[in-house]
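Need coordinates for the below:
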Amino acid sequence: MDSRTRFPLAGALLTFIGTAHTALGVALFFAADQDAELTFWFTEFGVVSIGFGIAIIALERALGYVPGAVLLVLGAVTVSGLAFMPLSGFLTVLAPLGIGAFGWWRARNERVAA
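Predicted coordinates for the structure are as follows:
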């Protein structure tokens, strides 16, 4: 694929976070350390994060940036997660969100200047 960006950093970072989340969820399930329902949702959110990260990678490669609507959805999920669990893994999602917002802002300024 002819990529418009050197490395799709926001999507790759979100995919990495999801992979780590899923691996930790599976490890907790087999260790039987946590409640099964809690472990299920922990692992499920990791899988969803992987899928969302892969979709963002495709968008970054095709457009060169993450569209604002996608950033709004990721931001809404992050804010709602932080509202319920302030000191949680949702803090790690701020990194790909910030990187994606910076790329969107830079691309927006380039379009306006052109």
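
before we move on, what SS does the spatially most central residue of the chain have?
The centre of the chain sits closest to Leu14, judged by C-alpha atoms, centre = their mean, with a distance of 3.3 Å. What DSSP: H, G, I helix; E, B strand; the rest coil gives for Leu14 is helix.

Against Leu28, how distant is the residue nearest to it when sequence neighbours are not counted?
The shortest distance from Leu14 to any non-neighbouring residue, by C-beta to C-beta, 6 or more residues apart in numbering, is to Gly53 (3.5 Å). C-beta here means a position set from N, CA and C on the backbone, and glycine is covered the same way. Gly53 sits at a distance of 21 Å from Leu28 (criterion: C-beta to C-beta, to the nearest Å).

quick one, which of the two is more surrounded?
Gly53 (23 against 17; other C-beta atoms under 10 Å).

Give the full set of residues in contact with the residue nearest to Leu14.
Residues near Gly53 by C-beta atoms under 8 Å, 6 or more residues apart in numbering: 11-18, 96.

how far is the helix or strand containing Glu37 from where the chain is centred?
Using DSSP states H and E, Glu37 sits within helix 36-63. Chain-centre distance of helix 36-63: 7 Å, with C-alpha atoms, centre = their mean, to the nearest Å.
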